[in-house]
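Have a look; sequence and predicted model below, questions after that.
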Amino acid sequence: MNLIENYWRIKKTIPEIVTLVAVSKTKPISDILALYEAGVRIFGENKVQEMQEKYEQLPKDIQWHQIGHLQSNKVKYIAAFVSLIHAVDSLKLLQTINREGIKHNRVIPVLMQIFIATEETKFGLNCVELEAIIQSEEYKQLKNIQVCGLMGMASNTEDENQITTEFKALKICFDKIKQQYFELYSTFKEISMGMSGDYLLAIQEGSTMVRVGSSIFGERNYHQ
């Protein structure tokens, strides 16, 4: 299996305006380096420790995306370098990221995670809960985070109609939040939805950022 061929094959299937995040979790440095040398610069990790270790060993112009559920006590390990945190699901986590942003004298870009799936194992807010956060006085004090859009994960199902319906729900929420709170902010533009199995459906429904792992790297090895 050729990683580079896989990457460019997928890249050709998505519009230029859609960002492809190569999800490199559990994959070795050598795989990331091979893609880096072919021109790839955006990689996604879901474990903080693994991202930190890879950041230290790899070229510094890589953009690292934290795509997994993030615990507040782990933010400090990635705050200095992370390019985008995809899955922010609470005001508390926003406040923690903001504090770390202040320490590192940077504004940290984030996406708010919206719960769109049927599985209760998935994390995320609903649109009403997100509005409550945005309207709060606590949120308005946060100067070292930048909310750049929304993120969501569809149900793990073969039912394309259900997946499409869930993606539509995320797009509707994005449009509402954009219109009501971020209309004047060009930075609020990202809808991160779609993975290896459903990214083409996600793009049809308005995704601007897809997170593709196994279709590039092959199936993951969780026993390393």
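Nice, I can see it.

quick one, helices of the protein?
Assigned helices in the chain, in chain order: 3-12, 29-37, 48-57, 91-103, 127-135, 137-140, 160-181, 199-204, 214-217 (criterion: DSSP state H).

Residue 109 and residue 85 touch, don't they?
Yes. Contact criterion CB atoms under 8 Å: residue 109 and residue 85 qualify, at 7.3 Å. No exception for glycine: its C-beta is placed from N, CA and C like everyone else's.

Compare those two and say which is more crowded by neighbours.
Higher neighbour count among residue 109 and residue 85: residue 85, with 27 against 20, using other CB atoms under 10 Å.

thought the more buried one was touching residue 111?
Yes. Between residue 85 and residue 111 there is a contact at 7.1 Å, judged by CB under 8 Å.

ok, back up a step: got the helices of the chain as TSV, with mean neighbour count and distance to residue 18 columns?
As requested, those are exported to TSV (neighbours: other CB atoms under 10 Å; distance: least, CB to CB, whole Å):
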stretch	mean neighbour count	distance to residue 18
helix 3-12	15	10
helix 29-37	15	18
helix 48-57	16	23
helix 91-103	19	25
helix 127-135	15	23
helix 137-140	11	29
helix 160-181	17	13
helix 199-204	19	6
helix 214-217	20	15
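
I'd like to know which of those helices lies nearest to residue 116.
The closest of the helices of the chain to residue 116 is helix 160-181. By CB to CB, the value is 4.2 Å.

The closest one - contacts with which helices or strands?
Packed against helix 160-181 by the contact rule (3 or more CB pairs under 8 Å, 6 or more residues apart in numbering; DSSP states H and E) you find helix 127-135, strand 145-151, strand 190-192, helix 199-204.

Look up how far residue 159 lies from the spatially most central residue of the chain.
Closest to where the C-alpha atoms of the chain average out (CA atoms, centre = their mean) is residue 86, at 3.2 Å. Distance of residue 86 to residue 159, given as CB to CB, to the nearest Å: 24 Å.

Check residue 51 too.
Taking CB to CB as the measure, residue 51 and residue 159 are separated by 33 Å.

And the helices of the chain: which comes nearest residue 65?
Closest among the helices of the chain, using CB to CB: helix 48-57, at 9.0 Å.

okay, the angle between that closest one and helix 29-37?
Comparing the axes of helix 48-57 and helix 29-37 via axes from the mean of the first three to the mean of the last three CA atoms, to 10 degrees yields an angle of 60 degrees.

now helix 48-57: how far from the chain's centre is it?
17 Å (CA atoms, centre = their mean, to the nearest Å).

Report all helices and strands that it contacts.
Applying 3+ CB pairs under 8 Å, 6+ apart, one finds that helix 48-57 contacts helix 29-37, strand 42-45, strand 63-66.

ok, so what distance separates residue 76 from residue 101?
In terms of CB to CB, residue 76 sits 11 Å off from residue 101.

re earlier: and the helices and strands packed on helix 160-181 as TSV, adding mean pLDDT?
What follows is these, written out as TSV (pLDDT from 0 to 100):
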stretch	mean pLDDT
helix 127-135	98
strand 145-151	98
strand 190-192	98
helix 199-204	98
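
how about a markdown table for these, with distance to residue 171 added?
As requested, the helices and strands packed on helix 160-181 are arranged in a markdown table below (distance: least, CB to CB, whole Å):
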| stretch | distance to residue 171 |
| --- | --- |
| helix 127-135 | 11 |
| strand 145-151 | 9 |
| strand 190-192 | 6 |
| helix 199-204 | 10 |
